[in-house]
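Enquirer: Using only what follows, build the 3D model:
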Amino acid sequence: MNSNKINSISTDGKGNIIIQDVNATNISVNYSDTNALSEIIRKLNKNQVDEIEKIVRAIHEDISEPETEQLDWQNILKKCKYNSQRHLIGIVNQKYIPDLYVNRVLIEDSINKFILSEKVGYILIGNSGMGKTNLLCYLFDIWQKNKNPTLYFNSSSLNGSMKDFSESIRKELGYSNSSVQIENLLYDINKGCDKRNKYFILLIDAINEAINPKALINQINEILSYNNNRIKIIVTSRIQVWKQISVLIQGIINELYFLNEFKPFKLSEFSNTEKETAYNNYKKKYKILTEYHNLSSINKKILSDPYYLKLVSEKYSGAIIPDVININDLFNELITNNIIEKRIKEISKIMYDENKDVLEYDELEKYNIYDKLYFDKLDNSDVTCIQEMLDNNILLEIINDVENEKELRFTYDRYLEYRLSNILKKEIKRTKSIDSIINLLSNKIDTSIDKRFNVLWGALDKTFNYLKNAENEK
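Expert: Numbers count the residues shown, from 1 in each chain. You can find the predicted model right below:
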């Protein structure tokens, strides 16, 4: 499908989106088919994507809200499925590819035990790129197929006000215009689950990306305190941010949360078995010519990192993997187009200056980069910069439900960390003075703690390692 050859986008009034090309050939896809929609959206321009999302919202509004205060179970299931898939449109087939998913046996087993336990909260921590979002996507697919109403939230779309999380739940379930209180709604859902032997599961992904993580964990704790044993909440977080907010639940963590020897569960690199399975999945998809048993021991260690496995597979698609993989080379060679490289540098610098890892459209306009991204074409091509970066999983467009607007972020925090570290290194080379370097880094740390810029911790770690190595080489 070529965006330039699309004649019209419409709906048949039955929940299907109809895309007609210039030859009057129609493609029909149901609004709830997230996989198909994601594939189509990747090939469209911004205006066409906006038109599809407008149609999807209109279809969604036609799904009637409950006419009475009595719980409508089928409506709950529909709302959970639709709204979760709406949040996952930018993730499925970009960040999460079902065919490449590898079961994380120990963590999945702990989650299954949690669901059957009397505890109502579960915390999963891990560094960027370890697969926390992939795991939630996999679990969402399983639970919704088994008719367990499951709601997925990306924390970046949740506000920090104390009532907002409860309101978000009411809204997503179709009760925004109802007088029913959240405590009563959840009580009725718990009874409905008990009657059907099901669970209502809330997936709160990346609490580190929330506008106010500390306020959000307080809201989650309030929901958990209702102690409905058929309502479960799973929270994921990057390790550094969790250390900052965990002090808020020290008094209740043992009471409400399912723990691993009094600590949150941690998702790390692939185990040996998982690593071989994951490599063979990527080998098949990317037609890599190197067999697993022929990999060097150092490469096997590198490829136990899910994000590095992805980068290596893309780089050596259809080729042999060398005996030694250089991680810096992987990052340096990820972008080969000079125009794309320039735009990424500009976006990274804006994020650095604004102390944010996500940008709204008005911020792109403020820095005069919006038109360059969405309207300027690459050399000898009809493809815009933003299309190229979205198609190659460099950037993601996400919906902020608070403002009901799109935002732009890097698909993988680890890549943004690399970019921010390069900016910090340049600042260090420019200042030269040790005192100036300390002031620079201290200021960045102070401004990142209460802002949406937790990715800076990874960049600082890379920068400190750079300074340490530079000192050792003297």
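
Enquirer: The spatially most central residue of the chain: what's it in contact with?
Expert: The centroid of the chain falls nearest to residue 133 when counting by CA atoms, centre = their mean (5.8 Å). By CB atoms under 8 Å, 6 or more residues apart in numbering, residue 133 lies in contact with 91, 95-96, 205-206, 236. Backbone N, C-alpha and C define where each C-beta goes, glycine included.

Enquirer: now the strands for this structure?
Expert: 6-11, 16-21, 26-30, 121-125, 150-154, 200-205, 231-237, 257-258, 265-266, 358-360, 395-400, 405-410 (DSSP state E).

Enquirer: any chance of those strands in JSON lines, plus distance to residue 278, mean pLDDT and mean neighbour count?
Expert: Shown next, in JSON lines, are the strands of the chain (distance: least, CB to CB, whole Å; pLDDT from 0 to 100; neighbours: other CB atoms under 10 Å):
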{"stretch": "strand 6-11", "distance to residue 278": "37", "mean pLDDT": "77", "mean neighbour count": "16"}
{"stretch": "strand 16-21", "distance to residue 278": "34", "mean pLDDT": "78", "mean neighbour count": "17"}
{"stretch": "strand 26-30", "distance to residue 278": "30", "mean pLDDT": "79", "mean neighbour count": "14"}
{"stretch": "strand 121-125", "distance to residue 278": "19", "mean pLDDT": "97", "mean neighbour count": "24"}
{"stretch": "strand 150-154", "distance to residue 278": "23", "mean pLDDT": "94", "mean neighbour count": "24"}
{"stretch": "strand 200-205", "distance to residue 278": "21", "mean pLDDT": "97", "mean neighbour count": "24"}
{"stretch": "strand 231-237", "distance to residue 278": "19", "mean pLDDT": "97", "mean neighbour count": "24"}
{"stretch": "strand 257-258", "distance to residue 278": "26", "mean pLDDT": "95", "mean neighbour count": "21"}
{"stretch": "strand 265-266", "distance to residue 278": "18", "mean pLDDT": "97", "mean neighbour count": "18"}
{"stretch": "strand 358-360", "distance to residue 278": "28", "mean pLDDT": "88", "mean neighbour count": "18"}
{"stretch": "strand 395-400", "distance to residue 278": "22", "mean pLDDT": "78", "mean neighbour count": "18"}
{"stretch": "strand 405-410", "distance to residue 278": "22", "mean pLDDT": "83", "mean neighbour count": "19"}
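
Enquirer: Tabulate these in a markdown table, adding columns for distance to residue 165.
Expert: As requested, the strands of the chain are exported to a markdown table (distance: least, CB to CB, whole Å):
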| stretch | distance to residue 165 |
| --- | --- |
| strand 6-11 | 32 |
| strand 16-21 | 31 |
| strand 26-30 | 30 |
| strand 121-125 | 14 |
| strand 150-154 | 8 |
| strand 200-205 | 9 |
| strand 231-237 | 10 |
| strand 257-258 | 17 |
| strand 265-266 | 22 |
| strand 358-360 | 19 |
| strand 395-400 | 15 |
| strand 405-410 | 19 |
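
Enquirer: Nearest to residue 49, out of the ones you listed?
Expert: Evaluated over the strands of the chain, closeness to residue 49 peaks at strand 395-400, with 7.9 Å, by CB to CB.

Enquirer: For the stretch 301-450 of the chain, give me the ranges with low pLDDT.
Expert: For the stretch 301-450 of the chain, the stretches with pLDDT under 70 are 399-404, 432-434, 436-438, 440-450.

Enquirer: hmm, try it at 50
Expert: Applying pLDDT under 50 to the stretch 301-450 of the chain flags the ranges 449-450.

Enquirer: And for the stretch 1-150 of the chain?
Expert: Residue ranges of the stretch 1-150 of the chain with pLDDT under 50: 63-69.
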